[in-house]
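Peer 1: generate a structure from the sequence data that follows.
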Amino acid sequence: MTTTKTGIPQKFWNTFLLNTWQRECLSIKDSFIHPLINPDELLSLIVDNWNLDDDLYKRSRFYIEGKRQKLKKTSLLWPQKEDKSFYDYNQRIQSIINVQEYVLIIDGLKVNGTLWDWTYDFLQNLYKSLGYLNVGHFYSIFYGNYKATPFGVHDDPNTGAFYFPIIGQKSIRTWTPEFVNRHPKLKKAREYKEFLEGSTLLEAESGGMLYWPSDRWHIGESKGGDVSIVLATNISNNFVQPLLNFVCDEIQAVYGNSLRGHLLKIKTRVSIYWSILYEELHFLYKDSFQKYFLRIILKLCNIIISTLLPIKPHKEINTKAFFNPDNLQESAEQIPEPIHLAAATFEGTVDSSILEQASIKLWLAGLTSYGFYPLSESQFGSLNEELTLDNYIQLFPKRTILWKQVNKNEMIVSVNGLCFSVSSNPIFQNLIKNINSQKIQSIEQLVKISSKIAEGNNIIEYSLEEVLKFLEILLRYRGIQTIKQENCF
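Peer 2: Numbering: from 1, shown residues only. From the prediction side, this is the model:
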């Protein structure tokens, strides 16, 4: 039986996707997975500089006795580096709030190399079995002495969840949308005893796993002191929002911090957000007589804003982004229809070259991260090693380096959800092909091969420095690793 870094056999995924994915809830109490991360390492991740610099606290929520508190970077409610463990953090918080009930919820945690390896393995096996891709998955953290989720029974549209207790036992109670529609009092309810018979109780502890589909209403139940990490999986086929982030990155790359670039990013965001909002409100209220005047105001606003901005209608996208799990490079060559449909929303707002670059990077980043929340180089540590001809390298386990040519002068390369541009020099394509073979190779030999290709193609603009720089980027992006010479033979 083949197992992975997660400890989950591939056979499990085949059965899971057939019987459970987006259909039923799943509860495996313990002894199922290898731990994602130990509690102390998780806490150090939360207070790490690159998480704080990314304004993680702005994507976090802190509740005391069910009331949400304002969180600031300097807030004493936020974990501190002096907190050596979750127990120490709890003791400090209890001394501040006088033993009241509290919960800290963190969304969009940036991962380190160790947690990313586990996550990559998990998502790779899930999406290889599915054969299509969604993007926008991220981690959330739950910790506190609370008895139940402070904002009551809720749903997370388009988001399924894999729930992993790290410390203690965790319970999640779920209801089907059909049951909730028959009992609307359940929505946002913090008291739900009268609805227990219609619920499904999921329980797990460290080493176990819970799963519920995106349509389930749910609430967390706790005995206090438990730590949990949740992998939120986006199941939407709509790539407009993810593409917006890449478009804005491209605008920044082209225009820098100029006023023109700043205004273009604002214009683009306003156009897309209004398009999304208008379509959602129109859908919600199109058949409601009571909302007649709201519809009139909405149409007037749309006419005015559409006159000022080149807004394209934002339509629901149901087509899936299919890919070939056994040949990712083949998949990289063909941008899927959902991304083309998403790109159509931006036409007239940004230059076509910016849109093309953003679309390619979104697709390559999705393929090489299996849709996980955008990663950054800083998350993988300081791998700024200078490579020499004496080094031996190998593809990082289970990774694939992908590339796609933009034009005759440029190609985009991607690994671990990170992208960079190089010249469309065939030596880089050959380097990627050699590295993807997974063989241990000397840089000296790779340089010799590159030189022959350059000579055969009459390439004048070629240097050793170019090759080393290319390999060093792949090393920083965790696409390759150096191998000690004694382990090469």
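
Peer 1: residues touching residue 8, list them.
Peer 2: Under the criterion of CB atoms under 8 Å, 6 or more residues apart in numbering, the contact list for residue 8 reads 32, 33, 122, 125. For glycine as for every other residue, the C-beta is placed from the backbone atoms N, C-alpha and C.

Peer 1: go again with 6 Å.
Peer 2: Residues near residue 8 by CB atoms under 6 Å, 6 or more residues apart in numbering: residue 33.

Peer 1: hang on, it in a helix?
Peer 2: No. Under DSSP: H, G, I helix; E, B strand; the rest coil, residue 8 sits outside any helix and is assigned coil.

Peer 1: for it, give its distance to residue 36.
Peer 2: Note on residue 8: its distance to residue 36, by CB to CB, to the nearest Å, is 12 Å.

Peer 1: swap in residue 6?
Peer 2: When distances are taken as CB to CB, residue 6 and residue 36 turn out to be 8 Å apart.

Peer 1: work out which residue lies at the spatial centre of this protein.
Peer 2: Within the chain, the residue whose C-alpha comes closest to the C-alpha centroid is residue 373; the distance, by CA atoms, centre = their mean, is 1.6 Å.

Peer 1: so what's that residue closest to, chain neighbours aside?
Peer 2: Nearest-residue entry for residue 373: residue 138, 3.6 Å, with adjacent residues in sequence omitted and distances by CB to CB, 6 or more residues apart in numbering.

Peer 1: again, but for residue 319
Peer 2: residue 337 (4.7 Å).

Peer 1: the one you found and residue 321 touch, don't they?
Peer 2: No. If you go by CB atoms under 6 Å, residue 337 and residue 321 don't touch, sitting 7.7 Å apart.

Peer 1: higher neighbour count, these two?
Peer 2: When residue 337 is set against residue 321 and neighbours are counted by other CB atoms under 10 Å, the residue ahead is residue 321, at 22 against 15.

Peer 1: tell me the contacts of the more buried one?
Peer 2: When contacts are counted by CB under 6 Å, 6+ apart, residue 321 is found next to 132, 133, 336, 338.

Peer 1: and with 8 Å instead?
Peer 2: Taking CB under 8 Å, 6+ apart as the criterion, residue 321 is in contact with 132, 133, 134, 237, 239, 336, 337, 338, 339, 363, 366.

Peer 1: is it true that the first one touches residue 322?
Peer 2: Okay, so that is residue 132. Yes. At 4.7 Å, residue 132 and residue 322 qualify as touching, with contact defined as CB atoms under 8 Å.

Peer 1: check residue 314 and give its pLDDT.
Peer 2: As predicted, residue 314 sits at a pLDDT of 53.

Peer 1: which stretch of helix or strand covers residue 252?
Peer 2: In this assignment (DSSP states H and E), residue 252 forms part of helix 240-255.

Peer 1: sorry, that was for residue 403
Peer 2: Using DSSP H and E, the secondary-structure element containing residue 403 is strand 402-407.

Peer 1: number of nearby residues for the closest residue in space to residue 77 that isn't next to it in sequence?
Peer 2: The shortest distance from residue 77 to any residue that is not its chain neighbour, by CB to CB, 6+ apart, is 5.0 Å, and that residue is residue 62. Taking other CB under 10 Å as the neighbour definition, residue 62 ends up with a count of 22.
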